[in-house]
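Enquirer: Structure for the following, please:
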Amino acid sequence: MSKPNVFVTRMIPEPGLARVQEACQVDLWTDELPPTRDVMLEKVRGVDGLLCLLTDRVDDELLDAAGPQLKVVSNHAVGYDNIDVDAATARGIPVGNTPGILTDATADFAFALLMAAARRVVEADAYVRAGKWRTWGPSILLGPEVAGSTLGIIGFGRIGQAVAKRAAGFNIQVIYHSPRPVDNPPAAARPVDLDTLLREADFVSLHMPLTPETRHLIDAAALAKMKPTAVLINTARGPVVDQVALYAALKAKRIFAAALDVTDPEPLPMDSPLLALDNLILAPHIASAGAATRDKMARMAAENLIAGVRGERLPNCVNPEVYED
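Expert: A predicted model of the protein is given here:
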């Protein structure tokens with residue numbers, strides 16, 4: 001019996017890739033950069049399954065190019081804003097993602113960014129390497145206190161709540177605002193409206209999905225409500241922050257600092273004015289980059305793909321309505 005044909009848009013960690021190669025006939029894109037749009041449209045023609053990354057846009061055009069035999073789209077990510085889920089659902093195609101597995105790694109990194117921005121770790125490293133460290137001084141590289149501060153978390157799902165748990169060890173008061181209902185929130189965290197969160201928080205950490213409602217949620221008006229000593233952390237999606245407004249706020253020191261793991265676009269162009277700011281930390285979308293976490297992501301994406309091409313229910317499906325009669 002022949003194996004189903006699948007296109008995998010990038011090299012994924014071996015535990016997942018080996019599983020896919022065992023079960024399927026694999027066309028694997030091995031370049032570091034993602035396939036171009038034209039290549040994607042050509043590669044998906046006639047495949048039974050697609051395993052893609054958040055850099056790959058899956059829309060009506062791509063689904064039409066693939067053809068009616070396409071049985072599954074498996075996203076190697078928790079978020080799936082790169083996929084037109086409605087378009088897939090209309091064709092009866094289940095879409096898989098990798099929820100839950102990234103929670104601890106992303107929460108760890110969000111807190112690492114918080115600490116690094118508050119204590120100016122990146123600036124301090126550059127200060128030493130530039131030969132500016134001549135003596136100890138009582139006013140060198142001062143930053144906001146972390147212990148005893150107030151952390152505002154926007155989006156209080158798995159990752160947001162995991163960040164709140166980490167904050168407890170620093171005696172940080174947690175307030176949160178969530179566009180979605182929150183099941184069993186920790187008693188120590190206080191729900192507030194968005195304006196209250198922005199006004200009261202010393203640190204604002206973003207953990208919401210990208211939707212039409214959350215795009216540019218943090219805009220000039222939102223930044224103007226934050227304390228001048230506040231720090232913004234984003235490990236969600238780049239477009240939830242208006243980067244033009246953020247640059248203006250950081251340049252004018254209307255907020256103290258920001259730390260971004262995600263930008264809009266990705267990668268950030270080298271002529272971006274954000275790169276000239278000392279009070280901004282930038283990382284290349286690595287919040288989930290724990291080795292064990294990425295292995296588990298790959299396995300989960302592989303299992304979604306394989307289940308789909310076999311006509312079985314996906315273990316993690318974002319549009320389960322495709323299974324309804």
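
Enquirer: Where do the helices of this structure begin and end?
Expert: With DSSP state H applied, the chain shows helices at 14-23, 37-43, 60-66, 85-90, 103-118, 121-129, 158-168, 194-200, 220-225, 243-251, 291-309, listed in chain order.

Enquirer: Poorly predicted segments of the stretch 201-325 of the chain, please.
Expert: Residues of the stretch 201-325 of the chain that meet the criterion pLDDT under 70 lie in 325.

Enquirer: Export the helices of the chain as TSV, with columns for mean neighbour count and distance to residue 175.
Expert: No exception for glycine: its C-beta is placed from N, CA and C like everyone else's. Rendered in TSV, the data for those read as follows (neighbours: other CB atoms under 10 Å; distance: least, CB to CB, whole Å):
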stretch	mean neighbour count	distance to residue 175
helix 14-23	17	38
helix 37-43	14	42
helix 60-66	18	41
helix 85-90	17	31
helix 103-118	22	15
helix 121-129	14	25
helix 158-168	22	10
helix 194-200	17	6
helix 220-225	16	14
helix 243-251	18	21
helix 291-309	22	28
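
Enquirer: Make JSON lines out of the ones you listed and add distance to residue 257.
Expert: Rendered in JSON lines, the data for these read as follows (distance: least, CB to CB, whole Å):
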{"stretch": "helix 14-23", "distance to residue 257": "36"}
{"stretch": "helix 37-43", "distance to residue 257": "36"}
{"stretch": "helix 60-66", "distance to residue 257": "39"}
{"stretch": "helix 85-90", "distance to residue 257": "35"}
{"stretch": "helix 103-118", "distance to residue 257": "4"}
{"stretch": "helix 121-129", "distance to residue 257": "9"}
{"stretch": "helix 158-168", "distance to residue 257": "17"}
{"stretch": "helix 194-200", "distance to residue 257": "16"}
{"stretch": "helix 220-225", "distance to residue 257": "12"}
{"stretch": "helix 243-251", "distance to residue 257": "7"}
{"stretch": "helix 291-309", "distance to residue 257": "27"}
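
Enquirer: Out of these, which is closest to residue 185?
Expert: Counting by CB to CB, residue 185 lies closest to helix 158-168 out of the helices of the chain; the figure is 7.1 Å.

Enquirer: roughly how far out does that closest one sit from the chain middle?
Expert: Here helix 158-168 shows a centroid-to-chain-centroid distance of 16 Å under the convention CA atoms, centre = their mean, to the nearest Å.

Enquirer: How about the contacts made by the closest residue to residue 256 other than its chain neighbours?
Expert: What sits nearest to residue 256 in space, not counting adjacent residues and going by CB to CB, 6 or more residues apart in numbering, is residue 229, at 5.0 Å. Contacts of residue 229 were listed using CB atoms under 8 Å, 6 or more residues apart in numbering, and they are 144, 202, 255, 256.
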